[in-house]
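A.B. asks: When you get a sec, could you give me coordinates for this:
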Amino acid sequence: PVVAANCPRRYTRMVSKGGRDCLNPLARTSARQLLPPLPYEGASQKYKENFIEIMRAMGNSNPSVPTTMLDAQSLWDATMADSIHQGLASLDRVVHVTGYFHIQYRLGLVEHLARLRPNTEMLTIVMLPAEETKEMSEEQKNIADLVVLTDIETL
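C.D. replies: Alright, predicted model coming up:
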């Protein structure tokens, strides 16, 4: 079976413009089938710090943009976690493929899923392009349970 896990883009756009609370009126509509339980949990402090650091590294210093984008990112994580949670109600195992920011350092999606299913075993695997593939840098360590370094020159 395939579990569709992503949040429909129209809802992440709504949140990026209006914040998390703009979805609350949808809790009593058919849209609730496409969303996590509302109101959904926001990002943890550590996730927020990582997100803002990345936004700044990309040149975004506007203080309000990271907040609304973070709300949308957290909705995406919460929706994927809820989809996996629902899938595990009828499946023994779910293999979920996502971008590494959603799971790095066991934040984001992993945090949301742990709240929904505290006793669920999770294994996170991240594949990173790297110039050096024989030894991990400090930054690469602990990004996931298993980190696979791929040769950046072969991409």
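A.B. asks: Give me the contacts around the strand or helix carrying R10.
C.D. replies: When elements are assigned from DSSP states H and E, R10 belongs to helix 9-18. Helix 9-18 has contacts (CB atoms under 8 Å, 6 or more residues apart in numbering) with 22-23, 26, 31, 34-35, 68-69, 71-72, 75-76. Yep, even glycine has a C-beta here, placed from its N, CA and C like the rest.
A.B. asks: Spatially, which two of those residues are the most separated?
C.D. replies: Farthest-apart pair in these is A31 and M69; separation 21.2 Å (CB to CB).
A.B. asks: With neighbour numbers in mind, choose between these two.
C.D. replies: Taking other CB atoms under 10 Å, A31 and M69 do not tie; M69 has more neighbours (18 against 15).
A.B. asks: correct me, but the more buried one touches M55?
C.D. replies: Yes - checked against CB atoms under 8 Å, the pair M69 and M55 is within contact range at 7.1 Å.
A.B. asks: List the contacts of L26.
C.D. replies: 11, 32, 35, 38.
A.B. asks: From G99, how far out is the first one?
C.D. replies: What it means is Y11. To G99, Y11 is 18 Å away according to CB to CB, to the nearest Å.
A.B. asks: Compare the two (neighbour count), which wins?
C.D. replies: Legend: neighbour count by other CB under 10 Å for Y11 and G99, higher for Y11 (19 against 11).
A.B. asks: so what's the more buried one scoring on pLDDT?
C.D. replies: With respect to pLDDT, Y11 scores 97.
A.B. asks: ok, it to V94 distance?
C.D. replies: Counting by CB to CB, the gap from Y11 to V94 is 22 Å.
A.B. asks: give me every residue that touches R115.
C.D. replies: If you count contacts by CB under 8 Å, 6+ apart, R115 has them with 41, 81.
A.B. asks: Cheers, nothing more for now.
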